[in-house]
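1. Turn this into a model:
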Amino acid sequence: MARYTGPKTKIARKFGDPIFGPDRSFEKRNYPPGQHGFSRKRGKKSEYAIQLAEKQKAKYTYGILERQFANMFDKASRSKGITGEVLLQLCEARLDNVVFRMGIAPTRRAARQLVSHRHIIVNGEVLNIPSYSVKEGDVIGVREKSKSLEAITNSLASRQDKYEWLEWNEALYEGKFLNTPQRAQIPENIKEQLIVELYSK
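-> Numbering: from 1, shown residues only. The predicted structure follows:
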């Protein structure tokens, strides 16, 4: 399956959560998609269906494909610490996510495009791999040629310092990944324990 590029609001409505960020359309129609919405009779979801939905929600939130996600879970399960928490930390450390969190791009999808199109540098080197895992102390910035890009300047104009694990230097258009965030610092509404239970079957 290729990366999802369809309507974002439809997916957000499916999970009942604006997973792609603020969305006026979602606020207007905060009910499941489809012709009948709430009126359709929906039986009680099985345990498996609930766990699967949570995994899909995490994948859509971070823009990760199935095989990548399974590999990340495998890595998380072999790491020290709580598997579900480590999994989310691996998602947060992806380069496209860090670019989004720093405010260089307004969405993860836009951040992935900036990385792919070689607008982003890591420790002074151009890097075009969105899934690259950022390490503590890495410096992520905007390439000199790209600092005047309207998409980047507009996004940075509305950025807010709200993540303790990131540091931003406005003058240099670069920031530092200070440390791996703890679960309490990750704002995503994901029940990671359900994902662990699903993969553990």
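
2. Okay, domains of the protein per the record?
-> 8-91+187-199, 94-179 (automatic domain parsing).

3. Next, count neighbours for S133.
-> Burial of S133 is recorded as 13 neighbouring residues (other C-beta atoms under 10 Å). Just so you know, the C-beta spots here come from the backbone N, C-alpha and C atoms, and that holds for glycine as well.

4. give me phi/psi at the closest residue to it other than its chain neighbours?
-> Sequence neighbours aside, A93 is the residue nearest to S133 in space, at 5.1 Å (criterion: C-beta to C-beta, 6 or more residues apart in numbering). With angles defined as degrees, to the nearest 10, A93 sits at phi -80, psi -10.

5. Could you measure from A93 over to Q182?
-> Using C-beta to C-beta, to the nearest Å, we find A93 at a distance of 13 Å from Q182.

6. More neighbours: these two, which one.
-> Higher neighbour count among A93 and Q182: A93, with 19 against 11, using other C-beta under 10 Å.

7. If R94 is in a bridge, with which residues?
-> Applying DSSP bridges to R94 gives these bridge partners: S133.

8. How many neighbouring residues does it have?
-> If we define neighbours as other C-beta under 10 Å, then R94 has 25 of them.

9. now do Q185
-> For Q185, using other C-beta under 10 Å, the count is 13.

10. who touches L172 in this structure?
-> Neighbour list for L172: G141 [criterion: C-beta atoms under 8 Å, 6 or more residues apart in numbering].

11. shift numbering so it begins at 38
-> I'll keep to 38 as the first residue from here, and by that count the last item is L209.

12. how far away is it from E122?
-> 32 Å.

13. List phi and psi for the closest residue in space to A107 that isn't next to it in sequence.
-> Leaving aside its chain neighbours, A107 sits nearest to Y236 (7.7 Å; criterion: C-beta to C-beta, 6+ apart). Dihedral angles of Y236 (phi, psi; degrees, to the nearest 10) stand at phi -70, psi -20.

14. same check, this time on E201
-> Torsion angles, degrees, to the nearest 10, at E201: phi -70, psi -20.

15. Which pLDDT value belongs to it?
-> Predicted confidence (pLDDT) at E201: the value is 94.

16. hang on, it packs against Q222?
-> Yes: contact criterion C-beta atoms under 8 Å: E201 and Q222 qualify, at 6.1 Å.

17. buried sites along the top helix by length along the chain?
-> In the chain, ranked by residue count with DSSP state H as the criterion, the top helix is helix 84-99. Neighbour counts over helix 84-99 (16 or more other C-beta atoms under 10 Å) mark 88, 90-99 as buried.
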